[in-house]
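# Sequence and predicted structure are below.
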Amino acid sequence: MDTIFELSNQGISTYGGNYDFYAEQKEIENEALQNDIHSKERALKKAKRKGKRNNRTKTKTRCERKRKAGKIGCGENYDEYAAE
């Protein structure tokens, strides 16, 4: 039985079988990595959208408190006041 050793930044990996088996396994591993990257990118985009929504809600609440307290209002565009 043939054995292939692969040395990478992550260490050494062994693959039993010939080169064709190694190449097939590498393709499967690369596809899995690409799927993982794609999944994590989607999760990051979702988290960013949620963060923006939460920020707008907090800003809107802050502006409403200012209005009730008789301070200067924030106007219609609450996003402008997110940095306060």
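Now that the structure is in, tell me what you want to look at.
# going forward, measure contacts between C-alpha atoms and count neighbours the same way
Noted.
# how about low-confidence regions in the protein?
1, 71-84 (pLDDT under 70).
# quick one, helices of it?
19-68 (DSSP state H).
# Centre-most residue in it?
The centroid of the chain falls nearest to residue 44 when counting by C-alpha atoms, centre = their mean (2.4 Å).
# For the closest residue to residue 13 other than its chain neighbours, give its distance to residue 12.
Excluding its sequence neighbours, the residue lying closest to residue 13 (C-alpha to C-alpha, 6 or more residues apart in numbering) is residue 6, at 5.1 Å. Going from residue 6 to residue 12 by C-alpha to C-alpha, to the nearest Å gives 6 Å.
# Next: residue 24.
For residue 24 relative to residue 12 (C-alpha to C-alpha), the value is 18 Å.
# Do I have it right that residue 6 meets residue 19?
No. Shown here, residue 6 and residue 19 do not form a contact pair, counting by C-alpha atoms under 8 Å, at 11.4 Å.
# How about residue 22, nearest residue that isn't a chain neighbour?
Closest to residue 22 by C-alpha to C-alpha, 6+ apart is residue 15, at 6.1 Å.
# beta partners of the one you found?
residue 4 (DSSP bridges).
# what sits against it?
Residues in contact with residue 15 (C-alpha atoms under 8 Å, 6 or more residues apart in numbering) are 3-6, 21-22.
# Save these as CSV, and put in distance to residue 65 too.
Conversion of the contacts of residue 15 to CSV gives the following (distance: C-alpha to C-alpha, whole Å):
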residue, distance to residue 65
3, 70
4, 67
5, 65
6, 62
21, 66
22, 64
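# Of those residues - the most surrounded one?
Most neighbours among the contacts of residue 15, by other C-alpha atoms under 10 Å: residue 22, with 18 neighbours.
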